[in-house]
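[1] no sequence for this one, just the structure:
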Ligand SMILES: Cc1cc2nc3c(=O)[nH]c(=O)nc-3n(C[C@H](O)[C@H](O)[C@H](O)COP(=O)(O)OP(=O)(O)OC[C@H]3O[C@@H](n4cnc5c(N)ncnc54)[C@H](O)[C@@H]3O)c2cc1C
């Protein structure tokens, strides 16, 4: 069967693909969203939603629904032995969502799917992308259902949101540079006795080797995360094994019971620069993967999609030239590089065992306690420091008292009584100025970043 009545085919209905499809449908773009998965329950993965991502989800009209279910985490506490040496205080983050919202990934996806349905969209489950070709005018894809039946679809654009093993990336033939960490991560999602406050993530560093992290999921369940050196070949852990590691690495007195998931995974750090190849785009884990330290990966993917969505919609509607789409890759690559460098530093800092590194680690901890450094760490973790200042679509030139071009615009209240982000839900650029209490004029992009500022 041949079909053409679609502008964008989104491949992969994880958090990235769902966000992209919502961004497109809410702007009237004819979109299809397919996923090869027939709808089986998935392994529990991301838990933490960062403040900047909550802002993005607010612009999509779903933040309140997530707040109803999610658990607010206010601090990351780092201990050496029993003593707390450092706390990253998320309440310092410069956002009204000054917390990490902890909620299992499948529940976040449920909320996104509900929004998709409200917009008239759906996930076509059990439909796999089997291959594609592109020419200057269109992309032709072959889709295959679980019954083996094939459909040929012609669209204007194709978006590969198909995860770390991305088929779209493979067909494009672009490399995914990087390497695995020399660790396997053992995870237990479990009830715990003696873990401390469930408003905080607790990370226990120790002199002799890799750490232990206790991450509250919802006030009842915790994720216990323990990297172990070497390669286990996928061998799943038992509760007893993880309990022994918790006893050896934690402060003592912590008991695991009633585990819901016990799993082991190998973690890699990899990325590609090919965010756009002609009419084909990559986003989310298809373009970058890294350690789960700091709860960043899903957040990057959602914000990739929010960046790409409005640009595709503007070009398809004829409101902007094709070159607008060229800004997607450089902007999001900068964001991904920052996040990947941060997670890599966290992993190295926490797992380094060589004596000289240990000394350095001890010397570094006091530095990290300085208030300005702590503020910066909170904003970085929150993905609030990501800026598109160097982007080709950002007009340079600062004005005193106004946000910097390329930075994210704070959520001010506008003269009509709505907040900026409520106004951005309409999907277009917004101009804010003196009548809104500013010292000049700011052109705000549909994704909430400052495009330009002027004094008048
Ligand atoms: C243990 C663990 C813990 C994590 N914790 C966090 C955390 O706390 N915070 C955080 O931000 N991130 C975390 N992450 C990372 C996060 O889970 C990923 O970054 C996120 O799922 C990426 O979303 P995605 O939509 O890009 O890709 P995915 O979620 O992988 O979705 C890709 C989809 O594409 C589909 N697909 C693939 N190939 C095809 C094809 N050929 N045709 C059709 N469909 C296809 C797949 O079925 C899948 O549904 C964690 C990851 C792991 C493994």
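    Yep, it's here. Only a predicted model underlies this, so the values are computations on that prediction, with no experimental measurement involved.

[2] In what element of secondary structure is residue 262 found?
    Assessed by DSSP states H and E, residue 262 sits inside strand 255-271.

[3] correct me, but residue 289 touches residue 269?
    Yes - using C-beta atoms under 8 Å, residue 289 is in contact with residue 269, at 6.9 Å. Bear in mind the C-beta positions are built from the backbone N, C-alpha and C, glycine included.

[4] So for those two, which sits in the more crowded spot?
    Between residue 289 and residue 269, residue 289 has the larger neighbour count (other C-beta atoms under 10 Å), namely 22 against 18.

[5] Tell me which residues touch that one, please.
    Counting by C-beta atoms under 8 Å, 6 or more residues apart in numbering, residue 289 touches 164, 178, 268, 269, 270, 271, 297.

[6] Show me which of the residues you listed is closest to the ligand.
    residue 297 (2.8 Å; C-beta to the nearest ligand atom).

[7] Secondary structure of residue 313: a strand, I assume?
    No - under DSSP: H, G, I helix; E, B strand; the rest coil, residue 313 falls outside any strand and is assigned helix.

[8] Centre of the chain to stretch 345-353, how far?
    In terms of C-alpha atoms, centre = their mean, to the nearest Å, the centre of stretch 345-353 is found 22 Å from the chain centre.

[9] anything in it near the ligand?
    No - Stretch 345-353 stays clear of the ligand (C-beta under 6 Å from any ligand atom), getting no nearer than 12.7 Å.

[10] which other residues reach that stretch?
    By C-beta under 8 Å, 6+ apart, stretch 345-353 touches 181, 183, 203, 205, 208-211, 227, 291, 293-294, 358, 361, 364.

[11] hang on, the earlier thing: give me the sheet partners of the strand holding residue 262 and which way each runs.
    If you go by DSSP bridges, strand 255-271 pairs up with strand 177-193 (antiparallel), strand 288-289 (antiparallel).

[12] just the ones you listed: most buried one?
    strand 288-289 (a mean of 25; mean count of other C-beta atoms under 10 Å).

[13] rewinding a little: which one of the contacts of residue 289 sits in the busiest neighbourhood?
    Most neighbours among the contacts of residue 289, by other C-beta under 10 Å: residue 297, with 26 neighbours.

[14] Dihedrals phi and psi, whichever residue of the stretch 351-456 of the chain sits closest to the ligand?
    Closest approach between the stretch 351-456 of the chain and the ligand, counting by C-beta to the nearest ligand atom: residue 383, at 9.5 Å. The phi/psi pair for residue 383 (degrees, to the nearest 10) reads phi 60, psi 30.

[15] pLDDT at it, what is it?
    If you check residue 383, the pLDDT there is 92.

[16] Pull the number of nearby residues for it.
    For residue 383, using other C-beta under 10 Å, the count is 26.

[17] how many neighbours does residue 456 have?
    Neighbourhood size, residue 456 [other C-beta under 10 Å]: 7.

[18] hey, where'd the helices end up in the stretch 301-450 of the chain?
    Using DSSP state H, counting those that start in this stretch, the helices of the stretch 301-450 of the chain run over 328-351, 355-367, 371-381, 420-424.

[19] re the thing from before, and the contacts of stretch 345-353, which are buried?
    181, 183, 203, 205, 210, 211, 227, 291, 293, 294, 361 (16 or more other C-beta atoms under 10 Å).

[20] show me what contacts the residue most central in space within the chain?
    For the chain, the residue nearest the mean C-alpha position is residue 299 (1.4 Å; C-alpha atoms, centre = their mean). By C-beta under 8 Å, 6+ apart, the contact set of residue 299 is 46, 48, 49, 50, 52, 53, 383.

[21] which one of the contacts of stretch 345-353 is nearest the ligand?
    Comparing the contacts of stretch 345-353 against the ligand with C-beta to the nearest ligand atom places residue 294 closest, at 8.0 Å.

[22] Now render the buried ones among the contacts of stretch 345-353 as a markdown table, adding distance to residue 57 and pLDDT.
    A markdown table is the format used below for the buried ones among the contacts of stretch 345-353 (distance: C-beta to C-beta, whole Å; pLDDT from 0 to 100):
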| residue | distance to residue 57 | pLDDT |
| --- | --- | --- |
| 181 | 30 | 86 |
| 183 | 31 | 86 |
| 203 | 26 | 92 |
| 205 | 32 | 86 |
| 210 | 33 | 85 |
| 211 | 30 | 89 |
| 227 | 30 | 91 |
| 291 | 24 | 85 |
| 293 | 22 | 83 |
| 294 | 19 | 81 |
| 361 | 35 | 67 |
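
[23] I would like the residues contacting stretch 431-449, please.
    Outside stretch 431-449, the residues that touch it by C-beta under 8 Å, 6+ apart are 55-56, 59, 306-307, 310, 314, 387-388, 394, 399-403, 406-409, 412-415, 420-421, 424, 427-430, 450-456.

[24] Let me see the mean pLDDT of that stretch.
    Across stretch 431-449, the average pLDDT comes to 96.

[25] How about that stretch, which residues are buried there?
    In stretch 431-449, residues buried by neighbour count (16+ other C-beta under 10 Å) are 432-433, 436, 438, 441-449.

[26] restrict those residues to those near the ligand?
    For the ligand, no contacts are drawn from these by C-beta under 6 Å from any ligand atom.

[27] Go through the residues you listed and name the one nearest residue 231.
    Lowest distance from residue 231 to the buried residues of stretch 431-449 (C-beta to C-beta) belongs to residue 447, with 40.1 Å.

[28] and the gap between the closest residue to the closest one other than its chain neighbours and residue 332?
    Leaving out its chain neighbours, the residue that sits closest to residue 447 by C-beta to C-beta, 6 or more residues apart in numbering is residue 306, at 5.1 Å. According to C-beta to C-beta, to the nearest Å, residue 306 and residue 332 sit 10 Å apart.

[29] same question, residue 307
    6 Å.

[30] any idea how the chain splits into domains?
    2-47+104-176+272-341, 178-268, 388-456 (automatic domain parsing).

[31] and among the ones you listed, the most buried is which?
    Comparing those by mean count of other C-beta under 10 Å gives domain 2-47+104-176+272-341 as most buried, with a mean of 20.

[32] Tell me how many other residues surround residue 76.
    Residues lying near residue 76 (other C-beta under 10 Å) number 24.

[33] ok, the strand or helix carrying it near the ligand or not?
    Residue 76 is located in strand 75-80, with elements delineated by DSSP H and E. No - against the ligand, strand 75-80 shows no contacts by C-beta under 6 Å from any ligand atom, the least distance being 12.1 Å.

[34] Next, the angle from that strand to helix 328-351.
    Going by axes from the mean of the first three to the mean of the last three C-alpha atoms, to 10 degrees, strand 75-80 is angled at 40 degrees with respect to helix 328-351.
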